[in-house]
Structure formats: C-alpha cells, structure tokens
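*Asks:* Provided below are the primary sequence and the corresponding predicted coordinates.
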Amino acid sequence: MQLETESRLPKEIDTAEVEAYCQRLWDELGIYLYDPNEAGEVFSIDTPPPYVSASHLHVGHAMSYAQAEFIVRYHRMNGRKIFYPMGFDDNGLPTERYVEKTFKINKSKTTRSEFRALCLQTTTEGAKEYEKLWRALGLSVDWNLRYSTIDDHCQRTSQKSFIELFKLGRIYRSHEPVLWDPILETSLAQADLETIERKSKLHDIVFKGVDGSPLTISTTRPELLPACVALYCNSKDARYTHLLGQTATVPLFGQTVPVLADDDVDPAFGTGLMMVCTFGDSEDVRRWKRDGLGLRVVVSNNGRLTDLAGEFAGMKTDEARGKIVTALTEAGALTGSKAVDQVVSVSDRSDAPVEFVMAPQWFIRVMDMKDELLERAKELRWFPEWMQIRLEDWIKGLKYDWNISRQRFYGVPVPVWFCAKCGEVVLADEAALPVDPVESKPPVSACAKCGSAEFVPDADVLDTWMTSSVSPLINSNWAGTPGRIGDASVYPMTVRVQAFEIIRTWLFYTVVKSHLHTKSLPWESVMISGWGLNENGKKISKRDLEQYTDANGYNRYDPYAVIQKFGADSLRYWASGGSLGHDLRYNEKDVQIGRKLVVKLWNAARFADLQMGAYDPVKDFVPFAARTPEDRWLLAELNKVLPAAKKAFEGYSYHEAREETDRFFWSVFCDDYLELIKDRFWTPDNYVEQTRASARTTLFESLRIVLGLYAPFLPFVTEYLYQQFYKGHEQAASLHKSAWPQANAEWDVTVPEMEVLSAILRAVRGLRTTAKVSQTRRLAKVTLDVTGAKPEIAATVERMQASISAAVRTTELVYGTAETATDLEGVRVDIVV
RNA sequence: GGGCGGUUAGCUCAGCCGGUUAGAGCACUUGCCUUACAAGCAAGGGGUCCGGGGUUCGAAUCCCUGACCGCCCA
C-alpha cells in the first residue's frame, strides 16, 4: 500500500482563481440559461428590478439577492427548470434625475423618445456593472432574460395593460382633488406617501359670527384661511348648535362661510369648532364632496398661494403661514398658539408635505375590490407567514382608487388622445404599441362621437408602478412581443422575492394587475427579506457606502470590494446567517467566518484526496453492511441531516438547512470522523486493506453529499471541488445541475458501538488536555475499567477494542483499575503518557 | 392611538406548533507546532431566555400585562 503524498489541490485555496474558474465553466456550459425544451417543472422567479445606477449597491442588497438565490439553487438541483430573469428599472423619477445629471441635459429641450434612448443607453452601461457584481456574487441569473422597464417590450406591456383595463371599465378619468407633490408638481397615489412626525403649532383663530360674536377655531394651517369654505361643529355640541344655518366671517380675508354640523368633529379637540378649506386634508375633501361646498383654490400646483391670498399671493405655504400668523396677531384675531406634535404625509420622492389639488387624472378602481384582494392576499403563500398581515392592513386602509397618471415628463406615456372638441377618449391601437401620443397620431381620423378631426395627446405619463406591477406579465410575454424568451408556462410565477418595504407598492399593485388581467395570483409564493443593518443597527445606507472608504480605497459595505477581499462564498455565507424576513446586522468579522468555512472545506477535501488516492467508486466500492462501525455511523448521521435540510429548504428556511450542514460538516465529519479514520492510513500494518477501502468509499460518498448540501450557499468552492473529484464519475457537467442529495434508506441504522467509542475518546481527549499532551502523540498506555458497567456495555467495549485503541492513539490498551469517569456509566479510563 | 417584528452568553444570532442539563460562531481562559487545516485542535468559564402575572406535571416556547428598540399606518 502506497500512501499518496500529493493532493490534486494546492495547499492553500486561491478564491479568486476558484471563482474565475467556475465563472468560465458556468458560462461555457450555459447552466443558468433557461431552456424551454428542457424537462422538468418550471421554477420562475420575479426579482426586483434595480435602478440604473449600480453605485448605490451595498452588502445589504447582496444579502437579500443572495438569500433568494439559495432557494433558487436548491430548486435547480431538484430538477426544476429555472427561469431567473433580471430586470432594470429605468422608469420614473430617480432615472429622470440620474440621466439629466449624467448627460447634463434639460428635458425641456429634448423629446421623450430621445430621453428614453439615453435612458436605455445608460441602462445598458449600468446593467454591465450590475452583471459584473451579481455574477461575482454567484447569482445564477439568466442574463438573456434581461428587461428594462422603459424598453419597447415593457412599455408595450404596460400600455396594453392600460388599454385592457380601460376596456374592462376598470380605468376611469376624474377631475377631483388629488394628492399632490408641490415640489415635483405631480399627483401621487396613496402608496407614494410617507408619514413623518414633526413639531408644529396649533393656532386659535377668531372668526366673527353674524352678530359679531367671536368664534374661535384651532388649526395648524392658518395659511389656508383664504381657502376656508365652511365651519363645522359636532351636532351635539351645545356650545355651537345655535350657530347652525348661520354664517361666519373669515379674519383677514373677509369671506363669509356657512356653519355646518358633522358628527365626526371631536368636541374635545381645540375649541370644538373647526374650519374646512379646499383643501387641507382628506377630511376636507370628504366634507367638500358630501356637502357640496364652494371651491376656493389657494394653493397652486407649485405650492405657492394664488391671488385669492391677497397680499400673500405668490408665497410658498410655509412662508405664508408665518406672515399670516403675524397679520392675525396684529389684527387681534389670534388668541393663542401652542406647540403640538403633528403627523404629516409627505411625498416619498421629494419629502414635500403633500397638498390636495384639483387635477384631471386616470384612476384604476380598486376600492370596490378590497374583499377580493384580501382573498388573494390569503391565497398567496407567504414566507415568512406573518408578512401577510402587512398586505392585509394596507388593503384595509386604502382610501382612494389608484391614481395612475403623473404630471412628469419621463415615463411610459398614457396611450390616449382626446378629441379637441368634445373630449372623447381615443385609445391607441394595440398592434401599434408602444406609442407616444405626443409624437404620433391617433389611429382614427375623426372623432367617433362628434366627428371632429382635431385631437390632443394626453401628455401625462403613467405611474412607474403601472409598469413594475406587470413584471410577471413582462416575463411571461403576455404582450406577445416577437423574439422574447418566456411564455405563459412561466406564469403565474413560482415566487416573488422582495424586501418588506415595498409590500404596499410593488407587491400590492402586482396582485391587483394579475387579479384583473388573468384572474389569478401573479405567483404561488412570496419570499420577503429583511434589511442588512450596519454595526449600529440602522439600515445600511448610501451614506455608509460613501463614508467608510479607507486609505486603500476599501469599503467594508461595498459588496464587490468584500468579495475581492474574502471571496463571494464568504459574503454569501454571512447572508445565510439571518432568518427569513428578519434584519441582519453586518459585521465584516462575520464574513471572515464564512471564509473560515471555505478554507475548512478546502482542507477537508484535500485530506480526503490524500487518503483516497486513485479510488474508483465502481471497482473499489465496499457495500455498506461490510463497512466499519465508524463508517456506518457517519453515513447514519448524514442520513439525519439530509431530510432536515430538505425540509428546511422546502419551507424557505435556508438558514436552518445551513446550520444542519455546518453541524454535520464541522463537528461530525471533520472533528470526529476524519480523526477516527486517520489511524487506518497512518499505521496500515494494523489494518486489513478492506478497512481502508471502507473508509475511502465512505469518504467519497460523504464528501460528495457535503458538497451538495453546501452548493446553494457556497457555489464556487463546492463546484471547484466537484470538478476536481467527482466530475469524472458523474453525468452532471456542473454540481449545480446535479441532483440534490437524497437520504439513503440503507444507511438508516443505529451504531451502538460508536456511542461507546466516542465516550471513551472524549474522556481520553480530556486527560490529554489536563496532562498537556498533544492530541496526536501516541500514548504509552490506556487503562480501561469496565468493572461497574452493564454487561452489554462491557461486551461492546471488548468488541471495539481495536477501534478504541486506534481512536485514542495508544501503544498499549489494557484492562485494570482506572479513576477517570466517562459518559458511560461504570466505564473509567486512565492514561500513561 | 393601532398593527407587525424584536428583546436569549460580552458581541452576532439560532431555538419558539410546551418535554433531557437552553445552543452555535466570535470573544475569553487553559493546553497542544498535530503527517487536511494554528484562519486549526482539545478542554473549559460565562445565561434572572426584558419585567410581572397566569395556564400546565412541566414554559425561552402558550395566554394576559407592562417596559424598551425597529418598521409600518393613523
């Protein structure tokens, strides 16, 4: 028997080289490409389209994309046909600003189609950066399935959705007070709002009754006095009921307004008397509509006051507020001001407090579908389950239909013209999509209603979510764009992966769209990830990314830099440490732990290789029943890990699967098993060849399974080792296309001998430590004392004598009197160094 | 004010549909250069499972209640 001294693996792993090797291999084999003709059930992933600029990506993004990808890899190994696209969001405001800045252009001097071309160009460049990063991270995306939310296919899908919903009567046009962003000068949907808390002042302002008596109201928005159209009190509030039917005069501005009753007015708030303006908040809108109040528009689209505000006209609302308070004080109409904590709705894009403005808009009617949508929310499988309630709460709290028009320049155009004479709507021809009505003519030459030949285009664009919400339809080519990969077989998609903060937007709107267009859910399941947090427990931000670059240009939050320093597998390993849906704190130290595992795996494989030599799994195979107790025990242990890992993955609990694998690999496989078999190779004269063959067979089998178990988490190092040691013996060209390791019924055994062996080994290891002797040094003598043990234990000890002797590494093993207790009752042990 | 999540070792986190003595990694202590790996191995110390009450033979786990942190919504 000749011992191998050279491994096929270098002594130290070079992760950069391993990664480059694997990338090359995966590209050559095309293993991540979707093949519609391949056998197997489709597994399709609807993953978030990031914005064009990759510079904002941090390790938190890497975390959530990696977590989703663990699941994808697991299913790929289970024979699922993976459809894994990556989209880019180059629609909407962030892109508009980014492109304006990048090209230093002014959108007023360009057309939408020219602007769009620039965006697509920018996206193509940005996509390269993303691709570089995501590939470096090992994401198994099929880059041929790329889409950009402003490309022709996506525009077509988005506009087709509009036309279809219009024809279904789901879309209507309405001229009503809408949520308005006075900085961006566009309307908003409810989902575009954030709420913030701020310090404000509640002012007591004196109106005059018909008899000249003072009527005091409380308001935080005195600048809306010129827009005041009524006063309200509670109909049961005896202080004011006598005023009902009378009028009051507004201070400074002088208009007279009616005094009305509404039981929703809280008599305990302020003075119990309140003013209604057009429009201060949604309650004002409600009363205005219900009671047919007058309209006094005082806040214009750009947030400045109109002429109705008299001397305050042209001022911004917050400036006017101060000036009007001063004027009220001078006029003696202000009787008090107190500080209050106020909750304000602001636009999530500009942080501007929202106003209500009268503007014609397109809406998708959703308020009548709440119950159906709640049913859909329940139908969907949520991982983790408790995230479902976030969607339910959002649906229950909906106040308005979905406003889908935006008064912005850039985006998907509304595919509509209006008759210049009668206002009749002319839809674009579906076959002609995508269209920009501003740059093209309507499909009819005369208005069907009035015969006029003059049309005006709708100059608005669609809400960016109008497009994002059809991502599953984009992927499944619902719009029938020729040449696109992906069809109805990938829809409904298997899983949507996303973070929790866009449940109310991306997730909600997508459910709405699929419910309306295909009368189904857009996906079977949804997997919601948490955030990556920085060392202080705050969400990792762009600022972290900018601030913490060291003198060498290294930034610990930059995923690409981290990958280069520690390896992609190491970063992925960190990402696998958080449980689904929960935030995970990032420490570079935790990435180093991943690195340790990668190195350990490499070394264990090297060791196995040294012992296996030219092992041939066919010729040198030893049947399970003929193997040593150590070997059978190892596989029996592995047989417990396999179903546990499978079950965990099926429930999207990648973290649990990884922990099971860690426990097995590190403490069972490395610390115990590899140590136990060394003696067979080190002192070959003490063993028959069969025991070494048994160990080789077991090593070969178990290491292969370990590679499979770790493959979703550590795709690079596992693939490399697979190629080195297993490729020659298996069909699969890549570990990642090989079958997920299955439990083996034959291995389902208990090995009582091993309980005895490990108890004695543990005790001897302890004695070595106490005696300050290395674990490998051969002891002169080990004494076993089984006088107090049960007969069957004593018999097992005797039967295992040779194994024990080898495991504890002693020259002589004798029975006698010993002092040190083991975990086995009545079995004692002592050593002589 | 409402909803959801969290609070477990010095740190980062598992465990939570009740059931051995509450776990892992890092950090710490002691020992060991050992023919895969010292980025390793062996042995060890460290816990009021946020507080209070309840259900139960039995609670980190279930129920009630309070505190604090985070996110979302009024």
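*Replies:* Looks like it came in fine. Residues are numbered from 1 along each chain as shown, chains lettered A, B, ... in the order given.
*Asks:* Near RNA strand B, which residues of the stretch 651-800 of chain A? Just list them.
*Replies:* A:653, A:655-656, A:659, A:662, A:666-667, A:670-671, A:674-675, A:678, A:682, A:762, A:765-766, A:768-770, A:772-777 (C-beta under 7 Å from any atom of the strand). Yep, even glycine has a C-beta here, placed from its N, CA and C like the rest.
*Asks:* Provide a list of residues in contact with A:Lys600.
*Replies:* By C-beta atoms under 8 Å, 6 or more residues apart in numbering, A:Lys600 lies in contact with A:665-666, A:670.
*Asks:* of the residues of the stretch 651-800 of chain A next to RNA strand B, buried ones?
*Replies:* The neighbour count (16 or more other C-beta atoms under 10 Å) marks A:653, A:655-656, A:659, A:662, A:666, A:670, A:674-675, A:678, A:768 as buried among those.
*Asks:* what would the residues you listed look like in CSV with pLDDT?
*Replies:* CSV is the format used below for these (pLDDT from 0 to 100):
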residue, pLDDT
A:Ser653, 92
A:His655, 93
A:Glu656, 93
A:Glu659, 93
A:Asp662, 95
A:Trp666, 94
A:Cys670, 96
A:Leu674, 96
A:Glu675, 94
A:Lys678, 94
A:Arg768, 92
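*Asks:* out of those residues, what pair is the most spread apart?
*Replies:* The span of these, defined through C-beta to C-beta, is set by A:Ser653 and A:Arg768 at 38.9 Å.
*Asks:* Does A:Thr750 touch A:Lys640 like I think?
*Replies:* No: contact between A:Thr750 and A:Lys640 fails when scored by C-beta atoms under 8 Å: they sit 11.0 Å apart.
*Asks:* Same drill for the two, tell me which one is more crowded.
*Replies:* For the pair A:Thr750 and A:Lys640, the greater number of neighbours falls to A:Lys640 (15 against 10), based on other C-beta atoms under 10 Å.
*Asks:* Tell me how far the more buried one lies from A:Trp26.
*Replies:* In this view, A:Lys640 and A:Trp26 are 32 Å apart by C-beta to C-beta, to the nearest Å.
*Asks:* same question, A:Ser529
*Replies:* Separation of A:Ser529 from A:Trp26 (C-beta to C-beta): 24 Å.
*Asks:* Which one of these two is surrounded by more residues?
*Replies:* Between A:Ser529 and A:Trp26, A:Ser529 has the larger neighbour count (other C-beta under 10 Å), namely 25 against 22.
*Asks:* Run through the bridge partners of the more buried one.
*Replies:* Judged by DSSP bridges, the bridge partners of A:Ser529 are A:Ala499.
*Asks:* Give me the distance between it and A:Glu501.
*Replies:* A:Ser529 is 11 Å from A:Glu501, where distance means C-beta to C-beta.
*Asks:* Residue of the stretch 451-600 of chain A nearest RNA strand B, please.
*Replies:* Closest approach between the stretch 451-600 of chain A and RNA strand B, counting by C-beta to the nearest atom of the strand: A:Arg585, at 3.0 Å.
*Asks:* Give me the phi and psi angles of that residue.
*Replies:* Per-residue torsions, A:Arg585: phi -80, psi 140 (degrees, to the nearest 10).
*Asks:* Up against RNA strand B, what does the stretch 351-500 of chain A have?
*Replies:* Residues of the stretch 351-500 of chain A lying near RNA strand B by C-beta under 7 Å from any atom of the strand: A:386-387, A:389-390, A:393-394, A:397, A:399, A:500.
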